[in-house]
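1. turn this into a structure:
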Amino acid sequence: MTKDNKQQTLVIRRVKKGKYAHHGGMWKIAYADFVTAMMAFFLLMWLLSSTSQWELEGIAEYFRSPLKIALSGGSSSGDSSSVIKGGGKDLVRRDGQVKNGDIQEQKKNINLKAARAELERLEFTQLKRLQERLEKAIEANPALKEYRKQMMIDITTEGLRIQIVDEQNRPMFASGKAELLPYMRDILREIGRTLNEVPNKISLSGHTDAKPYSSGEKGYSNWELSADRANASRRELVAAGIDEGKIVQVVGLSSSVLLDKDDPFNPVNRRISIIVLNKKAEESITQDGLSLPHANEGIAR
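-> Numbering: from 1, shown residues only. This is a model prediction of the structure:
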């Protein structure tokens, strides 16, 4: 063997690979989408945490009615400084900032309004029950039942109104005087015992018909007579056990508020009106000094 034959031959083998679909980087795209979604989510959480309640409500309002808000110019009907222009002025926004004190004041006003509405509802229910108790007491008492037609009980805007009226042959007082007749005393005492069960204040008014005294208005007139009769009724209620502090108003209205306006001389115009006041009417009397509870007494109900 020669030296040349001893040399080894180097063989290079080339292997041809088949072509496959290029999919090795797909997971990177999916991962990028996931990271983008997470970033958007955390950005949304950050925005929500740094946005006030009023702004959130404005955004919600925009998505509920975007066309309406866009036309009026903002993210809500009360936003005038938003990127999405809104109409009107936000009462709780000053110089682009929400004042916590204003928000608290609005909430306080809403709470007070709701509380007053609830108080009025409870008062109405209480007065309605009082009306039912009075009517039952009258029906259960033979002496009072006889005079039921002369008693008118209803609820007005000022409270529970009880009117005791004259009849042609059955007056409450001696003619032209403030002297109570016996049956009128019985009625007032029964009413007084029932009214003492509620804490409401009471207003009393006396009324006459339009028949004047012979001396006219210069001397003792229907004004003095109606006031004296109202005060006589007050004394009888106190005698029945009503606390004197419950009666906040006693007035004489002469014939200025007629029950029968078509007939000023009708005996029903001669009457005593007792009003169990609701809170609003009581405040009108005790704070403002007004005589509102008698403004609508000319309406028979």
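2. make it CA atoms for all contacts and neighbour counts henceforth
-> Will do.
3. would you mind listing where this structure has pLDDT under the threshold?
-> 1-8, 11-24, 51-54, 61-110, 288-301 (pLDDT under 70).
4. scan it for its longest helix.
-> What stands out as the longest helix in the chain, according to DSSP state H, is helix 100-140.
5. what's the following helix or strand after it?
-> Tracing the chain C-terminally past helix 100-140 and defining elements by DSSP states H and E, one meets helix 142-145 next.
6. which strands and helices sit next to that next one?
-> Packing partners of helix 142-145 (3 or more C-alpha pairs under 8 Å, 6 or more residues apart in numbering; DSSP states H and E): helix 100-140.
7. how far off centre is the helix it packs on?
-> 7 Å (C-alpha atoms, centre = their mean, to the nearest Å).
8. and that helix, what does it pack onto?
-> Packed next to helix 100-140, using 3+ C-alpha pairs under 8 Å, 6+ apart, are helix 142-145, strand 151-156, strand 159-165, helix 182-195.
9. repeat the analysis, applying 7 Å as the threshold.
-> Judged by 3 or more C-alpha pairs under 7 Å, 6 or more residues apart in numbering; DSSP states H and E, helix 100-140 is in contact with helix 142-145.
10. quick one, helices of the chain?
-> According to DSSP H, the helices that the chain contains are 26-49, 53-64, 66-72, 100-140, 142-145, 182-195, 222-239, 279-286.
11. the closest residue to residue 208 other than its chain neighbours: neighbour count?
-> The shortest distance from residue 208 to any residue other than its chain neighbours is 4.2 Å, reached at residue 270 (C-alpha to C-alpha, 6 or more residues apart in numbering). Using other C-alpha atoms under 10 Å, residue 270 is surrounded by 26 other residues.
12. residue 228 too?
-> Residue 228, neighbours per other C-alpha under 10 Å, totals 20.
13. verify the stated contact: it with residue 178.
-> Yes: here residue 228 reaches residue 178: they are 5.7 Å apart, a contact under C-alpha atoms under 7 Å.
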